[in-house]
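Visitor: Quick one, fold the following:
(one chain, ligands or ions: 1)
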Amino acid sequence: MNAQPPGEGTPDLFEDAPCGYILTRMDGSFVRANRAFLEWTSYSEQELRSGKRLQDLLTIPSKIFYENQYFPLLAMQGSVREVALVIRDMHGRDLPVIVNSVRKTDVREGDALVLSTLFIARDRRAYEEELLRARQEAERLSTIVTMSADAIVRCSADGLIETWNPGAQEMFGVDQLEARGHSIRDVLPSLSSTDWERITSGLQSHESVTVEAEGRHASGRAIDVSAGFAPHFGPLGHLVGMSAIIRDISESKAVQRLQYEFLAMTSHELRTPLTSIRGHAQLLRRQGRYTESMVDRIIESSDQLGHLVDDLLLASSLEAGRFDLHPTDVDLRGVVQAAAHQLTGASGRTIRVESTSDDVYVWGDRFRLAQIFGNLLSNALKYSAPETEVVLRISRSGSEVLVAVIDQGAGISPDDMSRLFDRFYRAAATAEYAPGVGLGLYITNHLVRAHGGSLSVESELNRGSTFTVSLPLAGNEPADNRDRPAEDVTATARGPA
Ligand code: ADP
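Guide: Numbers count the residues shown, from 1 in each chain. Sure, this is the predicted structure:
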């Protein structure tokens, strides 16, 4: 009985293993059993070695399984894996175990010996469940990383990219293979050495660091990003790497810029008429008498202020979708003529109205229709020289009426066309030409669309522009026209022919 387990020279490993280890002969008799096995079964090694066989320690069903399955397999294959047996301990208590056995030939005795490891099934199950849970958690995390629109990047301590999720690939236009080994700073070129030092020293002090930076897509396009860095430490407490979660914040940055632009533009536009009103009022007080022109200026500036405030309020209702039309049958020719008449009086300019049709009724909101043509006409006058003529041409086309507002003015460059109907957009070439805040066309386009119509523009720089409103004739409007929400509508600009 002095046979040594395989791995002689490492007896502690056999003895102290956290699982049961037994060495038996082919007939099942015990040669050795380790401490765990003796503890589980309450037998002493002496008792086991004095003629007990492994099958003697099994419950009846396990014994049958041992004789009919386990042993023939062991004899045939030389090993048996993951067999569930139930051992009965010295006190008659059952202990379900998972057994793995392998046949060894003992060099000294020439006998075949069987080395078996035994795991308590309950522990093993708990361990497997733990493993399964950990795996499921890892899979969940990996799904988040894979599906995330944010770039999630793992880097070495000096910022070299190690892993790169599909979000990063989409954001920077570079796949993981290409990115690996490059510095994270290559895709965040705006990070200066000082920024980088701040990040790494924060990470060294166990802090996560978030910075706003400019990212660079492979195509060269700049992206506004917010990048959060978190440290990874090794077992000895050294910084061994970092993860970065990078979010594209271009949209919110654009909104922020728009807000700044809006404030800058509206403050200027509000201040101009206010200054004029105040200036004229001071003059009145100094002179102690008024002239017609002074009062006219004050009224004009107040009107200008009133229009601007109205436009701002209307634009915000359109934006919020809180906007109603009050439609009736409207004679469109009358509305267009009235707008022309009003603006001719105010500007002293020539506005010609041409109509190829008498009877053009639309189902619409009279006040808003007047606003549409008022806006287009005042733009035509604003962006053209005083000596040039503006024409309003009304015609019918099938079930629609078309009203073209034609000027021979500054024109619009093709580059500006696609953004012309955007809120607060002003074409660079004409922004100097005349005051404005870039709301007129945004509002006009919304109002036309809310009437079931469309607005298009054709223009040539320094030659002039034609804005054409097309509206369904009464009886042809879309059924839900009355309640059509304003946010349904989008701009349609057509470039120069
Ligand atoms: P605003 O006139 O207050 O700037 P609009 O929304 O009415 O705002 O117009 C937006 C921009 O479109 C203008 O700033 C101008 O650049 C351009 N635009 C509009 N109408 C004309 C026109 N008839 N001719 C040339 N440019 C025009």
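Visitor: Tell me how many other residues crowd the closest residue to E269 other than its chain neighbours.
Guide: In this structure, E269 finds its nearest non-sequential neighbour in V437, 5.2 Å apart by CB to CB, 6 or more residues apart in numbering. In short, each C-beta sits where N, CA and C put it, glycine included. A total of 21 residues lie near V437 under the criterion other CB atoms under 10 Å.
Visitor: sec struct for the residue most central in space within the chain, please.
Guide: Nearest to the mean C-alpha position of the chain, counting by CA atoms, centre = their mean, stands A149 at 5.3 Å. Under DSSP: H, G, I helix; E, B strand; the rest coil, the three-state class of A149 is coil.
Visitor: One more: L141?
Guide: Per three-state DSSP, L141 ends up helix.
Visitor: Surely the residue nearest to E269 is in a helix?
Guide: No - assignment of V437 by three-state DSSP gives coil, placing it outside any helix.
Visitor: L270 is in contact with that one, correct?
Guide: No - with contact defined as CB atoms under 8 Å, V437 does not count as touching L270 (9.4 Å).
Visitor: what touches both of the two?
Guide: Taking CB atoms under 8 Å, 6 or more residues apart in numbering as the criterion, V437 and L270 both touch L308.
Visitor: Who are the contact partners of L85?
Guide: 58, 62, 65-66, 70, 96-97, 99.
Visitor: and with 6 Å instead?
Guide: With contacts defined as CB atoms under 6 Å, 6 or more residues apart in numbering, L85 is in contact with 58, 62, 97, 99.
Visitor: and it, what are its phi and psi?
Guide: phi -130, psi 160 (degrees, to the nearest 10).
Visitor: do you know how far the nearest residue to it once chain neighbours are set aside is from Q55?
Guide: Spatial nearest neighbour of L85, chain neighbours left out: S62 (4.4 Å); criterion: CB to CB, 6+ apart. Distance of S62 to Q55, given as CB to CB, to the nearest Å: 8 Å.
Visitor: For those two, indicate the residue with more neighbours.
Guide: Using other CB under 10 Å as the criterion, S62 and Q55 rank with S62 on top: 22 against 19.
Visitor: and this protein, which residues reach the ligand?
Guide: Contact residues (CB under 6 Å from any ligand atom) of the chain with the ligand: 379-380, 383, 407, 409-412, 420, 425-427, 430-431, 436-442, 465.
Visitor: out of these, which are inside strands?
Guide: S465 (DSSP state E).
Visitor: Of the residues of the chain next to the ligand, which count as buried by neighbour count?
Guide: By neighbour count, with 16 or more other CB atoms under 10 Å, the residues of the chain next to the ligand hold 379-380, 383, 407, 409-412, 420, 425-427, 430, 436-442, 465 as buried.
Visitor: Out of those residues, which sit inside helices?
Guide: The helices, defined by DSSP state H, take in 379-380, 430, 440-442 from those.
Visitor: circling back: among the contacts of L85, who's most crowded?
Guide: V97 (25 neighbours).
Visitor: which residues does it contact?
Guide: Going by CB under 6 Å, 6+ apart, the list of residues near V97 reads 85, 87, 118, 120-121.
Visitor: Check for me that it belongs to a strand.
Guide: Yes - checked against three-state DSSP, V97 lies within a strand.
Visitor: Apart from its neighbours in sequence, what residue is nearest it?
Guide: L118 (4.4 Å).
Visitor: What residues of the helix or strand where that neighbour lies count as buried?
Guide: Per DSSP states H and E: L118 is located in strand 112-120. Neighbour-count burial for strand 112-120 flags 113-120 (criterion: 16+ other CB under 10 Å).
Visitor: for stretch 460-470, same thing?
Guide: Quick answer for stretch 460-470 (16+ other CB under 10 Å): 461, 464-470.
Visitor: Count the neighbours of R133 for me.
Guide: Based on other CB under 10 Å, the number of other residues close to R133 is 10.
Visitor: A strand includes it, no?
Guide: No - checked against three-state DSSP, R133 lies outside a strand; its state is helix.
Visitor: Point out where the stretch 101-250 of the chain drops to low pLDDT.
Guide: Applying pLDDT under 70 to the stretch 101-250 of the chain flags the ranges 106-110.
Visitor: Swap in 80 and give it another go.
Guide: Along the stretch 101-250 of the chain, the model assigns pLDDT under 80 to residues 105-111, 124.
Visitor: Report the contact partners of the residue of it found nearest the ligand.
Guide: Nearest residue of the stretch 101-250 of the chain to the ligand: S250, at 23.8 Å (CB to the nearest ligand atom). By CB under 6 Å, 6+ apart, the contact set of S250 is 223-224.
Visitor: show me where pLDDT drops low in the stretch 351-497 of the chain?
Guide: Checking the stretch 351-497 of the chain against pLDDT under 80 turns up 358, 429-433, 476-497.
Visitor: Strands of that one, start to end?
Guide: 351-355, 361-364, 390-397, 400-406, 454-460, 464-472 (DSSP state E, counting those that start in this stretch).
Visitor: what about those, which gets the closest to A222?
Guide: strand 454-460 (30.2 Å; CB to CB).
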